[in-house]
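Peer 1: Next one to model:
(chains A, B, C and D)
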Protein chains: 4
Amino acid sequence: MKIAVIGGGSTYTPELIKGLLEIQDDVSIDSVWLCDVEEGQTKLEIIFEFVKRLVKERFKVFKTLKPEEALMDTDFVVFQFRPGFLKGRELDESLPLKYDLIGQETTGMGGFSSALRAFPIVEKYIDLVEKHSKATVINFTNPSGHVTEFVLNYLKFERFIGLCNVPINLLKNISEILNCDMDDIFLKYYGLNHLTFLERIYVKDKDVTEEVFERVNVNPSNIPITDFPKWLISSLSMFLNPYLRYYLMRETMLKKIKEKELRAREVMKIEKELLDIYKKAEEIPPELSKRGGSMYSTAAAHLIRDLVKGSGRVHILNTRNEGAISNLPDDYVLEIPCYVRGGKVFPISMGEADEFALAFIHVIKMYERLTIKAYLNRSKDYALKAILIHPLGPGVEKAREFLEDMLSANKGWIDLE
Amino acid sequence: MKIAVIGGGSTYTPELIKGLLEIQDDVSIDSVWLCDVEEGQTKLEIIFEFVKRLVKERFKVFKTLKPEEALMDTDFVVFQFRPGFLKGRELDESLPLKYDLIGQETTGMGGFSSALRAFPIVEKYIDLVEKHSKATVINFTNPSGHVTEFVLNYLKFERFIGLCNVPINLLKNISEILNCDMDDIFLKYYGLNHLTFLERIYVKDKDVTEEVFERVNVNPSNIPITDFPKWLISSLSMFLNPYLRYYLMRETMLKKIKEKELRAREVMKIEKELLDIYKKAEEIPPELSKRGGSMYSTAAAHLIRDLVKGSGRVHILNTRNEGAISNLPDDYVLEIPCYVRGGKVFPISMGEADEFALAFIHVIKMYERLTIKAYLNRSKDYALKAILIHPLGPGVEKAREFLEDMLSANKGWIDLE
Amino acid sequence: MKIAVIGGGSTYTPELIKGLLEIQDDVSIDSVWLCDVEEGQTKLEIIFEFVKRLVKERFKVFKTLKPEEALMDTDFVVFQFRPGFLKGRELDESLPLKYDLIGQETTGMGGFSSALRAFPIVEKYIDLVEKHSKATVINFTNPSGHVTEFVLNYLKFERFIGLCNVPINLLKNISEILNCDMDDIFLKYYGLNHLTFLERIYVKDKDVTEEVFERVNVNPSNIPITDFPKWLISSLSMFLNPYLRYYLMRETMLKKIKEKELRAREVMKIEKELLDIYKKAEEIPPELSKRGGSMYSTAAAHLIRDLVKGSGRVHILNTRNEGAISNLPDDYVLEIPCYVRGGKVFPISMGEADEFALAFIHVIKMYERLTIKAYLNRSKDYALKAILIHPLGPGVEKAREFLEDMLSANKGWIDLE
Amino acid sequence: MKIAVIGGGSTYTPELIKGLLEIQDDVSIDSVWLCDVEEGQTKLEIIFEFVKRLVKERFKVFKTLKPEEALMDTDFVVFQFRPGFLKGRELDESLPLKYDLIGQETTGMGGFSSALRAFPIVEKYIDLVEKHSKATVINFTNPSGHVTEFVLNYLKFERFIGLCNVPINLLKNISEILNCDMDDIFLKYYGLNHLTFLERIYVKDKDVTEEVFERVNVNPSNIPITDFPKWLISSLSMFLNPYLRYYLMRETMLKKIKEKELRAREVMKIEKELLDIYKKAEEIPPELSKRGGSMYSTAAAHLIRDLVKGSGRVHILNTRNEGAISNLPDDYVLEIPCYVRGGKVFPISMGEADEFALAFIHVIKMYERLTIKAYLNRSKDYALKAILIHPLGPGVEKAREFLEDMLSANKGWIDLE
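Peer 2: Coordinates of the predicted model:
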């Protein structure tokens, strides 16, 4: 079995490799190919050398700047590249602030520019995957749900699964609260990536929702911590993805963001430190936890294992709804529990979504599709439609100015007319 | 044929009567019953006397404070009462401003309190209509679309049609631009009441959309005039209901509202003037045009005529989607073109709605349903859900404070726990 | 305005021309092109000369064997060709009888071979229409609904309307029973072509269903008359398309067919007679009524008129459901009332279909789609699937034998592997 | 944990008890209540005494003629009663033969009378279950899928799961062919009970469909063996439920049925023998295998175990579609793979069904619903609609005669007007 990692020079790669080492008993991996672009060549070298020390020849590791080589006859591909590098993320986080808009990597107007940078590169790699292999792609490239919508519904490439580390951290947090095994937990959980809603929690045959809700607390390190008030959870009787704070507590979050250093700049520093450590490290250093993305490697490795072994476990994945939520269209890409079997991913039917959740899901799905159409038609008109309906977007008063500003800052990466 | 008017003491009534006189040749009206509540008795007297002078015995006119009497065996009922009177509207318009939120009769947080005041009264009258007649109800009580959603989908009373004067004014405006007959125009027009989108305009067999779009300009007198910029219409390539300005140009509109006198207070003055004039008038006075609601009477009278005559004309009405817009659920109450035939209303299938429109329609429909559930369950939790998803509602930071403030201002009218 | 008639040499053509002459005041026709194939050249000559005498230069008439010439820049196309000529129909009617199966032009196993002969020819002409014009096609080529399913859903050519003379004859029959104008009648009528169900009849604003049902009696001259028993109509409380006799009274109909001469052979004689008469006739001869297809010309001419004038009339047409029947998929091509406006056809929403009707509609739609896939994939396997699910098809015991026999009899016209 | 068995005097009961003993380690059963009606009292005594010997006090066993007692606070209920006893089944199998129609316990016109006898009794017991417990009902009463449609969609009782032994036997047969574990197999399998279609077979991560299809051969002992020809399976490329032979090879099956003794009479003899053996037996006698219903006890016991333990296994069950098959309505009760978790049953999304399968599923679902409406409205008209659309029902010519004959034979059990 061959695995190709696009964006292989990422500082996350060692953790992914660790995950792959852990499943090596169940799944026999032959080789892992780390592929990156020329701009990341130095980073790739460091990562590659460190990874080789980690693997100790339990499988082969290669590095390459030629995606064709990495993708040729591969069985799995992991997408974890960052379109526009950390410089791009810095723009996503800073430019919206000038318009008093939330600047964030995946959410709001930061997510908008990030998505438009991602689409052409994703399209290019999907073409190569299709040409050179029959592989399944596991995607971490952000915005992960938006990218999955693009690939499944517009590129019509079917073997593509969007992954995020929020669900696995949520499961872990619940298992700690209840002192039970993660495998014993089953969730009525749905939504778009970074816009999810948890309605019910089952442990074995018991519905333990009420006792758990107020104690769940998952926070990805890359967003400022701002707790939802207690009354909110009990009024909604659902657990909200932490990213929903941007929508529901917009002003508080905007203030917090402005007070802090940009996350992109923090990450630049962390990366620099990490690379220094990696140069000599023999094991994953504790400093990696600062990087965010906790349990990311576990999510990916377990998914690969269960796709290969077909043992019938449930994973929370980004894929087409296909009836899982009965009052959402079949073709919406959602983040939902799926039964992984026979090398495939089958959504599990969970009945209806709550109106509160539907409001967010519909509006952001429409934003996602208009943004995709903006890319596919290279059209500023679609881009304007997309940002005008976004709850975190500008009004008509500033929409054009913001768009032009964003386009000129991203020149070379985003190209609309 | 008997027609009952609930809220018969409204200053609009004379215009409605004029509309009924105009269809008297096609449809033989026997009696019109004006029904109002005790608080409106003096107004009802004035209106009743004026109406009698207008009608000149072409049909009988009665007044009553007993709805049972007005509704007994009636063929049509017109709902045009204002729950909470103009004092209520004044609250709807002023209270949100304290929280820097749009205050408006039907839109945003003003529409929210207005809907919650309307539901119990609408429910009471629907019970009476059902008990005493087999009548069809034509509704103008605001928020008209929200009330229709409530009656059709929650009270399950089927013979209920929501009406608004925006569509007929739009048709009139287009007919003037094109110098053609209103009956020659057919529109791809859809959305929720006061949240509609016009995608295509046909005159006879021609698609005249492009030449008309930029020249259409409909403004109900009850909202401040703020033009959408030219680029917007051409970027969207659709015509937007003027109420969409509250969503798309929120800051500009908020500023305008704050600068002007409250519309409720203007209307109080206009009403006082009108009633003075009505005391002696023999004909509809030109001052009525200030009152807003232009062509309201034509819309209602023509609908009654076509329901009775079954001649197969198209009206734009609030009713269940039933496939008219293929990418919206069948049960959403929408404002759409319907074929009026056999005493019934049949939506006309128009294909898909645009993503831009879908975003607004979905989110406001979810808000409508949560608000209805807040009423049906007398639940503050549902009310909080409703306002938190509303694009013009408060954030988590102020939601509870706003809700409590609104409830205490509307004590006696709205009762949640 | 130019109209092209493919199958212009048909003996129906003079009646079509008469229909076009009747709408000439409303719609200014410039030229009508009669196009046919070489095998029909002699017939075409006779028809062409007769038609010229009928038209008396009120518009120009041309004949051609080159479809490109007829279709070039045309506004409307009428499809009325018979794939395989009357010899083909003779096969459709006779071959199934050998297997104790109903032999009929459009229904059952006769309709199956007839459809498979039609698809390649329809596909060829649609290509030419698309290449040479922006015309709308009005289709009478049988099986008309099946052909429309093929063109709209598989060839994805949108400007295609399937027409049949059963609905217009039904309206005429009802108007005679009630002594009212045809335009005053509105029907809840739906199904597949030759498989339709009439649930409700409105005249103006009255529901007159009960009084009319038992008296309606429409019989196309091309199927043997066998009355449904009175109890059936009252048990079902719906009026059934006469072709449903083949499904519901299979044995009686099979016996009748076997006793009579084949309809194809009757038609051959009638055609011969008609052509002799046409050679000299100045007016439509009464003998044409024997030919079947009563009011066919009225249906087509009125549809063309209303597409051009956009006056907002309702026609019963074969087009995609698009929500007209809420418990059938949007993409099923159905025969349903449509609002004709702006040069387009908009289905009218009529609520749910009855379970009795749904059973037939679903199974025959699945048969239609499998037959289309048999053609598109040139696949005997799909053809076997299609006939095995058809209620009038053979069982597993004889299915292969029947299929091979049919294919060899239709060699040159149908080509499956 | 308490389990109530309605129809506890069945000769199947010892096998069910054996199944419950096998899961006793995983699931702690306190008591099992065998409940039957007065007519079955002697049988119940024999079964009860035998069962007590089997159980050896590993849990308590009770017998009762009072359902209230059995159902009071029970956790699970098993429905396995036979409405009308074997005498009723004898009628179902023999009466249709007089009309040259298939006579069969669950299929065609035999299934029709069997369903109409079942509904009132099922309704009575469901009322009692609801009144006395919060139990989940597992149903084997035939026709099992039809009964489940009735309970879920018309009685609106949600904790009801329809079970059949065909799926588990199919899994067993495949595991034998492939020499693999039953738990390693996953199927794309769907349809109505006794009308199912198997499209794909996965073992672990491999799609082994092609190699298995032609070798699968499951035959319930209660229908005559008639093999589908080899070409059929390869033309359809799906495996068909053996009951589909009645539809696809109607004539062959009718001949076979007529040649054999009625299955009901065979079963009467087998039951007599079994009861004699049970009087003294200490273990399940091998003669039980003649009775049919192989692995029935395993299916039921494993389902109970997994509902209680919530370990996340997949069972093939009769429940609402809810998106599992995307081109069938959400509310159709289907037999489909479900993820059993948290005491609930979640259908697994499998994409589209094949047109061949859809034809049968739609038409029989419509028949099911019309039959249910016949019962709910006590209406012969609905009953006529139901049998007229059934592919194995009579034509219009004999429908009324058949219905009257069936009703008079079932007097006291079925009551329509």
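
Peer 1: got the residues of chain A near chain C?
Peer 2: Neighbours of chain C within chain A, by Cβ under 8 Å from any Cβ of the partner chain: none found. Heads up, the C-betas are built off the backbone N, CA and C, glycines and all.

Peer 1: ok, which stretches of chain A are strands?
Peer 2: Ranges of strands in chain A, per DSSP state E, are A:2-6, A:31-35, A:60-64, A:76-79, A:136-139, A:160-162, A:185-192, A:195-203, A:206-207, A:239-240, A:313-320, A:333-341, A:344-347.

Peer 1: In TSV: those strands, plus distance to C:Leu370 and mean neighbour count.
Peer 2: Listed next are the strands of chain A as TSV, based on distance: least, Cβ to Cβ, whole Å; neighbours: other Cβ atoms under 10 Å in any protein chain shown:
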stretch	distance to C:Leu370	mean neighbour count
strand A:2-6	41	27
strand A:31-35	45	23
strand A:60-64	48	18
strand A:76-79	37	26
strand A:136-139	32	24
strand A:160-162	31	25
strand A:185-192	36	24
strand A:195-203	41	23
strand A:206-207	45	14
strand A:239-240	47	24
strand A:313-320	26	22
strand A:333-341	29	25
strand A:344-347	26	25
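
Peer 1: Same list, the ones you listed, but as CSV with distance to B:Phe76 please.
Peer 2: Below are the strands of chain A laid out as CSV (distance: least, Cβ to Cβ, whole Å):
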stretch, distance to B:Phe76
strand A:2-6, 67
strand A:31-35, 72
strand A:60-64, 77
strand A:76-79, 62
strand A:136-139, 59
strand A:160-162, 54
strand A:185-192, 45
strand A:195-203, 44
strand A:206-207, 50
strand A:239-240, 47
strand A:313-320, 47
strand A:333-341, 46
strand A:344-347, 49
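
Peer 1: Now those in JSON lines, please, with extra columns for mean pLDDT and distance to chain B.
Peer 2: Listed next are these as JSON lines, based on pLDDT from 0 to 100; distance: least, Cβ to the nearest Cβ, whole Å:
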{"stretch": "strand A:2-6", "mean pLDDT": "98", "distance to chain B": "30"}
{"stretch": "strand A:31-35", "mean pLDDT": "98", "distance to chain B": "35"}
{"stretch": "strand A:60-64", "mean pLDDT": "98", "distance to chain B": "40"}
{"stretch": "strand A:76-79", "mean pLDDT": "98", "distance to chain B": "26"}
{"stretch": "strand A:136-139", "mean pLDDT": "98", "distance to chain B": "23"}
{"stretch": "strand A:160-162", "mean pLDDT": "98", "distance to chain B": "20"}
{"stretch": "strand A:185-192", "mean pLDDT": "97", "distance to chain B": "13"}
{"stretch": "strand A:195-203", "mean pLDDT": "96", "distance to chain B": "12"}
{"stretch": "strand A:206-207", "mean pLDDT": "90", "distance to chain B": "20"}
{"stretch": "strand A:239-240", "mean pLDDT": "92", "distance to chain B": "10"}
{"stretch": "strand A:313-320", "mean pLDDT": "97", "distance to chain B": "16"}
{"stretch": "strand A:333-341", "mean pLDDT": "97", "distance to chain B": "15"}
{"stretch": "strand A:344-347", "mean pLDDT": "96", "distance to chain B": "20"}
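
Peer 1: Please name the residues that touch the closest residue to A:Leu403 other than its chain neighbours.
Peer 2: Nearest residue to A:Leu403 in three dimensions, chain neighbours excluded: A:Ala383, at 5.8 Å (Cβ to Cβ, 6 or more residues apart in numbering or on different chains). By Cβ atoms under 8 Å, 6 or more residues apart in numbering or on different chains, the contact set of A:Ala383 is A:Leu116, A:Leu370, A:Thr371, A:Ala374, A:Leu403, A:Leu416.

Peer 1: cool, A:Phe140 as well?
Peer 2: A:Tyr12, A:Val78, A:Phe79, A:Gln80, A:Leu163, A:Cys164, A:Tyr296, A:Ala300.

Peer 1: among the strands of chain A, which is nearest B:Ser31?
Peer 2: B:Ser31 sits nearest to strand A:195-203 of all the strands of chain A, at 53.8 Å, using Cβ to Cβ.

Peer 1: Quick check: neighbours of the closest one in the sheet, parallel or antiparallel?
Peer 2: Here strand A:195-203 is paired, per DSSP bridges, with strand A:185-192 (antiparallel), strand A:206-207 (antiparallel), strand A:239-240 (antiparallel).

Peer 1: Alright, I will stop here.
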